[in-house]
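Novice: from the sequence below, what's the structure:
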Amino acid sequence: MAIFDNLAKAAKDFFVEDDATPATPTAPSQPQSTRGFSDVAQHPQQPTSTAPTAPEQRHLDHIAGLLAGDGKDFGAYMKMVKSMAAAGMSGPLLYQTAFNAFAAINGATVPSLLASAATFETVLESDRNKVLERHREKVGEIKIRSAAPSLLLQLTEQEQQLALEIADLAKQLQLKQQQLVETQQQLRTERQKAQSALASYETANASALEEIRTHRKAAETFLAASSLPAA
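Specialist: Here you go, the predicted structure:
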């Protein structure tokens with residue numbers, strides 16, 4: 001029957017993949033596998049608004065390293081499930097058939113299989129808590145005494161310092177602008193006073209000079225005439 005042919009093909013694919021990469025199962029490296037653990041535990045990973053649309057390869061490799069097992073754990077079982085699902089199986093039959101085949105190979109039981117899944121979930125949640133703590137330290141939300149300030153924190157502090165300096169310079173500039181306005185106003189007043197004083201002096205000087213010249217001419221005329229000898 002076709003279903004047995006598909007089952008045989010899926011099982012064959014599973015074993016071939018196991019022989020090729022016994023130490024590092026490929027299934028855990030898939031993002032869908034990680035979400036599967038979280039869904040079962042009812043602790044879904046909530047994406048943030050700044051999360052990339054697809055995880056970086058270095059993060060996938062890190063998660064794959066956390067989920068690497070001995071081929072007898074829940075990760076290996078999921079790998080068999082996915083192989084059989086690719087062959088066309090689905091629903092309860094898929095999981096039961098995969099378990100039967102898996103148990104026949106490894107002697108696994110349902111409790112031990114589910115306990116393995118719980119262990120993977122605990123590992124992922126613990127690692128996530130560590131990453132979140134490091135992230136909070138990087139952005140300055142918390143401070144770890146034994147850890148040197150991160151580059152992000154250093155840049156944040158530098159940004160804040162520069163912002164404070166710019167604000168201080170802005171205040172100084174505003175003060176200098178006010179001083180400039182007051183100085184310009186005082187300068188205009190002093191110039192007006194100087195011009196007024198010069199004009200007053202010029203008037204006084206011209207009046208005195210005119211008066212002296214007038215009297216000098218009169219004196220020259222009258223005194224010169226009176227100094228002539230009598231005939």
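
Novice: please parse the protein into its domains.
Specialist: For the chain, the structural domains run 2-147, 154-231, going by automatic domain parsing.

Novice: which of these sits most buried?
Specialist: Among those, the stretch with the highest mean neighbour count (mean count of other CB atoms under 10 Å) is domain 2-147, at a mean of 14. Yep, even glycine has a C-beta here, placed from its N, CA and C like the rest.

Novice: flag the shaky bits of this structure, pLDDT-wise.
Specialist: Residue ranges of the chain with pLDDT under 70: 1-52, 145-147, 227-231.

Novice: so which residues of this protein form strands?
Specialist: Per DSSP state E, the chain carries no strands over any range.

Novice: tell me what the helix of greatest length in it is packed against?
Specialist: Looking across the chain with DSSP state H, the single longest helix is helix 151-226. If you count contacts as 3 or more CB pairs under 8 Å, 6 or more residues apart in numbering; DSSP states H and E, helix 151-226 packs onto helix 110-138.

Novice: how about 7 Å then?
Specialist: Packed against helix 151-226 by the contact rule (3 or more CB pairs under 7 Å, 6 or more residues apart in numbering; DSSP states H and E) you find no helix or strand.

Novice: what distance separates it from the middle of the whole chain?
Specialist: Centroid separation between helix 151-226 and its chain, computed with CA atoms, centre = their mean, to the nearest Å, is 53 Å.

Novice: with stretch 91-98 instead?
Specialist: Using CA atoms, centre = their mean, the offset of stretch 91-98 from its chain centre is 46 Å.

Novice: ok, residues contacting it?
Specialist: Stretch 91-98 is touched from outside by 7, 77, 80-81, 84-85, 89, with contacts defined as CB atoms under 7 Å, 6 or more residues apart in numbering.

Novice: distance to Ile166 for the residues you listed - can I get that in TSV?
Specialist: TSV is the format used below for the contacts of stretch 91-98 (distance: CB to CB, whole Å):
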residue	distance to Ile166
Leu7	70
Tyr77	60
Met80	62
Val81	59
Met84	64
Ala85	59
Met89	65
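
Novice: what's the most distant pair in those?
Specialist: Leu7 and Tyr77 (15.5 Å; CB to CB).

Novice: follow-up on the earlier one: just the angle between the longest helix of the chain and helix 110-138, please?
Specialist: 10 degrees (axes from the mean of the first three to the mean of the last three CA atoms, to 10 degrees).

Novice: what about Met84, distance to Thr214?
Specialist: Distance, Met84 to Thr214, using CB to CB, to the nearest Å: 132 Å.

Novice: ignore what I typed, I meant Asn100.
Specialist: Using CB to CB, one gets 139 Å for the distance from Asn100 to Thr214.
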